[in-house]
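> Quick one: sequence plus predicted model below, questions after.
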Amino acid sequence: MSYRRFPHLLVVLYVLFTAGCGSSPTSAPVQTATGIGTSAAIGAPTPARAPGSARATAPGEIYDGPPALAIAPVVDGRASASPEVSAWWIQKLMADDLDRTDLFAGVIALEHVSEAHEGGLLVQPALTGLTWTRPDQRSGTIAMRIRASDTETGRVRLDRVYTASCSNCKVAPGQPAVAGPLAVLMQDVAKDLR
């Protein structure tokens, strides 16, 4: 057999050799801090956990931190939809507000409600009312129905209509006027999702 006829054979042999030599089946545990005054060994057996407190993510791995949250696109359920308010902006502002909290590992803004995602909780927002009380649109009232359900079981954890208003709302540069009353509304939503 000539290596000139099968040059890829050398590459395959090299990969097999280095893969077999690169790991040790009995590596020493590494200590890591896990909380106040405690530590755990990585590679050591993990203590038993209460049912439902941990979730297996891959063989041999367990994640017991906060879940990720997915937000479906905002449905505009008003009788007369106003073109100056973009449902995309509302979804983006909601995702940003919830991402700033410590409630979730991450917030995923979905393009459509049936999109596959890794969120443990799915929020489906529907705009039910929006009024402006001043001509410059710096004061307004917003109403939204927020429905949150567990992704795996489908159990509804939250289904409520929220209303919020603000007078002379402070809106960051580049954000739409709806950001003011929506920020007030999201404070109540975050409390209920806690």
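Structure's in. What do you need? Residues are numbered from 1 along each chain as shown.
> Point out where this structure drops to low pLDDT.
Low-confidence segments of the chain (pLDDT under 70): 1-58, 62-64, 80-84, 135.
> do that again at 50, thanks
3, 21-54 (pLDDT under 50).
> got the residue ranges for the helices in the protein?
7-21, 87-99, 179-193 (DSSP state H).
> can you map out the strands along this protein?
30-35, 38-42, 55-58, 61-63, 69-71, 75-76, 107-109, 121-132, 140-150, 156-166 (DSSP state E).
> tell me the most buried of those strands?
Highest mean neighbour count among those (mean count of other C-beta atoms under 10 Å): strand 69-71, with a mean of 25. (Each C-beta comes from the backbone N, C-alpha and C, glycine too.)
> gap between the two ends of stretch 111-126?
End-to-end span of stretch 111-126 (C-alpha to C-alpha, to the nearest Å): 15 Å.
> Would you reformat the strands of the chain as TSV and include distance to residue 90?
Below are these laid out as TSV (distance: least, C-beta to C-beta, whole Å):
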stretch	distance to residue 90
strand 30-35	38
strand 38-42	42
strand 55-58	30
strand 61-63	30
strand 69-71	10
strand 75-76	9
strand 107-109	11
strand 121-132	7
strand 140-150	8
strand 156-166	13
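> of all these, which lies closest to residue 186?
Among those, the nearest to residue 186 by C-beta to C-beta is strand 156-166 (8.2 Å).
> Contact partners for the residue nearest to residue 158 when sequence neighbours are not counted?
Closest residue in space to residue 158, ignoring its immediate chain neighbours: residue 148 at 4.0 Å, by C-beta to C-beta, 6 or more residues apart in numbering. Contacts for residue 148 were tallied using C-beta atoms under 8 Å, 6 or more residues apart in numbering; they are 121, 122, 123, 124, 156, 157, 158, 159, 193.
> if I read this right, the first one contacts residue 151, doesn't it?
So the one you mean is residue 121. Yes: counting by C-beta atoms under 8 Å, residue 121 touches residue 151, with 6.5 Å between them.
> Quick check: neighbours shared by these two?
With C-beta under 8 Å, 6+ apart, residue 121 and residue 151 have common neighbours residue 70.
> State the number of residues packed around residue 119.
19 (other C-beta atoms under 10 Å).
> what does residue 65 give?
Residue 65, neighbours per other C-beta under 10 Å, totals 9.
> how near is it to residue 126?
To residue 126, residue 65 is 29 Å away according to C-beta to C-beta, to the nearest Å.
> Same question for residue 72.
9 Å.
> now swap in residue 156 and tell me
14 Å.
> now swap in residue 90 and tell me
Counting by C-beta to C-beta, the gap from residue 90 to residue 126 is 10 Å.
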